[in-house]
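Colleague: pasting the structure only:
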């Protein structure tokens, strides 16, 4: 069996198209304590960038090395090697900043990863929008940093349902602190984003139609004075307010739109803006705006924001981010092997998603930089 501390394969194959990747690795994975770990991180990312189709450890290794032990070593590096994925993600965000892309917003997106068995960390039955049915899957969540190069995936978490207890958790090495309902684990992921280098109280954007306990997450955001612009389904309950004191009982967005006193959007002015709050003793004290886009022959779409003093043209770019971020997730699935992880462990899943994020971000920044005549990213 190949051991991780064995020497790296002596040379990459002639098809290597990433000759200037090493400085990127030093910035992002310089936190890895051993040189062999940093070497395998570079190997893995080179392979992700160059391997067509499915990205299993075997195919990744064969794409850039003739070593018969490379596949086993790659698998061990991802699944068994103890390295800090959070530190690597912080390094990735630093590299993005060095590339000249100031982060302007954080976007939360769900990632449904189909699984056949029941043994991979966090697997459970859930409605998968891509399949249109209940399916065995992992539910990942990714935070993307929006800036000059579009949404870039910079942090991840894997939802661990409450039913995952005892020996089942221990077998796949789920830390004890990873607990709570879905919204709590989503909140913890968002809590990390503003605390990173360059992190400020940047707006959080999301389409929360997938989140069953979205009201709790929104209340948490409001309590923490976190700016947000989020799309919500028309079943979301709000309290319409008429300053200074008049309020309606809690009603769904759909019911608000059916109210004859609610203005109707037009083709020229499709957005309707209404002052609202959320139900709940604390939430009712936080002023929000309900923005609804109504166009003839199109379903209405609704957003909630606590940026009540921002004009609509300032909010529109934030409202578009979740769909742009969802396109990035599709690219991660189709071109960067996000769903091709073959291990079962919680650390392995985080290692794989970190490496996939790094490969995508390196590719996107350098591709757009070259298109603009700026050359490769920092350190290149």
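Modeller: Cool, the structure landed. Because the structure is predicted, anything quoted here is derived from the model rather than measured.
Colleague: okay, how far is it across stretch 42-59, tip to tip?
Modeller: The first and last residues of stretch 42-59 sit 16 Å apart, counting by C-alpha to C-alpha, to the nearest Å.
Colleague: and for stretch 173-182?
Modeller: OK, stretch 173-182 end separation, C-alpha to C-alpha: 19 Å.
Colleague: what are the buried residues along the top strand by length along the chain?
Modeller: Ordering each strand of the chain by length in residues (DSSP state E) puts strand 133-146 first. For strand 133-146, burial by neighbour count (16 or more other C-beta atoms under 10 Å) applies to 136-146. No exception for glycine: its C-beta is placed from N, CA and C like everyone else's.
Colleague: note down every partner strand of it and its orientation.
Modeller: strand 105-114 (antiparallel), strand 124-128 (antiparallel), strand 152-158 (antiparallel) (DSSP bridges).
Colleague: what mean pLDDT does the first one get?
Modeller: Averaged across strand 105-114, the pLDDT comes to 95.
Colleague: buried ones in it?
Modeller: 105-113.
Colleague: which residues touch the residue positioned nearest the centre of the chain?
Modeller: In the chain, the residue lying closest to the centroid (C-alpha atoms, centre = their mean) is residue 142, at 1.7 Å. By C-beta atoms under 8 Å, 6 or more residues apart in numbering, the contact list for residue 142 reads 108-109, 111, 153, 155-156, 325, 329, 353, 357.
Colleague: the closest residue to residue 305 other than its chain neighbours: what secondary structure?
Modeller: Distances taken as C-beta to C-beta, 6 or more residues apart in numbering put residue 229 closest to residue 305, at 4.4 Å, once the chain neighbours are dropped. Three-state call for residue 229 (DSSP: H, G, I helix; E, B strand; the rest coil): strand.
Colleague: wait, doesn't residue 229 sit right on residue 307?
Modeller: Yes: look at residue 229 against residue 307 with C-beta atoms under 8 Å: they come within range, at 6.4 Å.
Colleague: who has more neighbours, these two?
Modeller: Per other C-beta atoms under 10 Å, whichever of residue 229 and residue 307 has more neighbours is residue 229, with 27 against 15.
Colleague: which strand residues bridge the more buried one?
Modeller: Assigned bridge partners for residue 229, using DSSP bridges, are residue 205, residue 305.
Colleague: how much space between it and residue 252?
Modeller: With distances taken as C-beta to C-beta, to the nearest Å, residue 229 is found 20 Å from residue 252.
Colleague: please apply the same query to residue 345.
Modeller: 41 Å.
Colleague: between these two, who's got more neighbours?
Modeller: Counted by other C-beta under 10 Å, residue 345 and residue 252 do not tie: residue 345 has more neighbours, with 18 against 15.
Colleague: can you tell me the element residue 317 falls in?
Modeller: helix 312-335 (DSSP states H and E).
Colleague: touching that helix from outside, list them.
Modeller: Helix 312-335 is contacted from outside by 105, 107, 109, 111, 142, 144, 146, 150-153, 203, 205-207, 229, 231, 271, 273, 291, 303, 305, 307, 338-339, 356-357, 360, using C-beta under 8 Å, 6+ apart.
Colleague: any idea of the angle that helix forms with strand 133-146?
Modeller: 120 degrees (axes from the mean of the first three to the mean of the last three C-alpha atoms, to 10 degrees).
Colleague: chain center to helix 312-335, what's the gap?
Modeller: Relative to its parent chain, helix 312-335 has a centroid offset of 11 Å by C-alpha atoms, centre = their mean, to the nearest Å.
Colleague: show me which residues of it are buried.
Modeller: Result for helix 312-335 [16+ other C-beta under 10 Å]: buried residues 315, 318-319, 321-322, 324-326, 328-329, 332-333, 335.
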